[in-house]
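# Pasted the sequence and its predicted model underneath.
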Amino acid sequence: MKCLVVVAHPLRDSLCHALAERAIGALRAAGHEVVVEDLCADFDPRLGAVERASYYAPQYEAAAVRGEVDRLLAAQGLVLCFPTWWFGFPAVLKGWFDRVWAPGVAYDHASDLGPIRPRLDGLRRTLAVTTLGSPWWVDRLLLRRPVRRVLKTALLGTCAPDCRFEMLSLYGAEKLVPAQVEAFGRRIDSALAGWP
């Protein structure tokens, strides 16, 4: 498959980058074509006035993000590697969704402003890999996994409803020992091993 790996962490020596490298290695070892998008290296997450004004125009103004749009549209597999901060996406990843998963790209508006129509028909698999400083029970029991719900229901559920989605969350990320990181890495390998 053509796979897009999107990394959203400002530190190159971060755990997120290490987990992204694990995913990239697993995908390449399985023969997939891999393109890497390091958002913190060169992506401006700010949705500008021209882009926002074009959200309901006949055509979205995607000139400034044409490369990112083309890479998303070409992807059959998508791996997102990011930290969960304050139980949400890092700003750069949220900006990528705002600017790239736009009307005419990821979806079309209904003529009566009803439910949107999906456009990411080629996207078959998505794996989200995230790190959290909090313990598992805060994310799962107290907050009911808000990031997972947004990815699964709001983004993929409306823009790529036939895409299979999986999320791997590494909790207590500031206090891990190497054996825990390696065990989580094996979970990434296992999740990606099932990709056709």
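Sure, I can see it.
# OK, contacts around Ala49?
By C-beta atoms under 8 Å, 6 or more residues apart in numbering, Ala49 lies in contact with nothing. The way it works is simple: take the backbone N, C-alpha and C, and place the C-beta from them, glycine included.
# where does the chain have low pLDDT?
The model of the chain has no residue with pLDDT under 70.
# Do a quick rundown of the helices in it.
Taking DSSP state H, the helices of the chain run over residues 15-29, 39-42, 49-53, 66-74, 91-100, 136-137, 146-149, 157-159, 178-193.
# looking at those, which is closest to Tyr60?
Nearest to Tyr60 among the helices of the chain is helix 49-53; the distance by C-beta to C-beta comes to 7.2 Å.
# List the buried residues of that closest one.
Residues Glu51 are the ones in helix 49-53 that count as buried (16 or more other C-beta atoms under 10 Å).
# about what we covered before: using a markdown table, please lay out the helices of the chain together with distance to Asp108.
Below are the helices of the chain laid out as a markdown table (distance: least, C-beta to C-beta, whole Å):
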| stretch | distance to Asp108 |
| --- | --- |
| helix 15-29 | 30 |
| helix 39-42 | 25 |
| helix 49-53 | 17 |
| helix 66-74 | 14 |
| helix 91-100 | 15 |
| helix 136-137 | 38 |
| helix 146-149 | 23 |
| helix 157-159 | 10 |
| helix 178-193 | 31 |
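# wait, which of these is closest to Leu4?
Comparing the helices of the chain by C-beta to C-beta, helix 66-74 comes nearest, at 5.5 Å.
# Only alpha carbons, please: show the closest one as PDB.
Taking Å, rounded to 0.1, in the frame of the first residue of the first chain, the C-alpha atoms of helix 66-74 are listed here in PDB:
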ATOM      1  CA  ARG A  66      -1.200  21.300  -2.200                       C
ATOM      2  CA  GLY A  67       1.600  19.000  -1.300                       C
ATOM      3  CA  GLU A  68       0.000  17.800   1.900                       C
ATOM      4  CA  VAL A  69      -3.400  17.400   0.100                       C
ATOM      5  CA  ASP A  70      -1.800  15.300  -2.700                       C
ATOM      6  CA  ARG A  71       0.000  13.100  -0.100                       C
ATOM      7  CA  LEU A  72      -3.300  12.600   1.800                       C
ATOM      8  CA  LEU A  73      -5.200  11.800  -1.300                       C
ATOM      9  CA  ALA A  74      -2.600   9.300  -2.500                       C
END
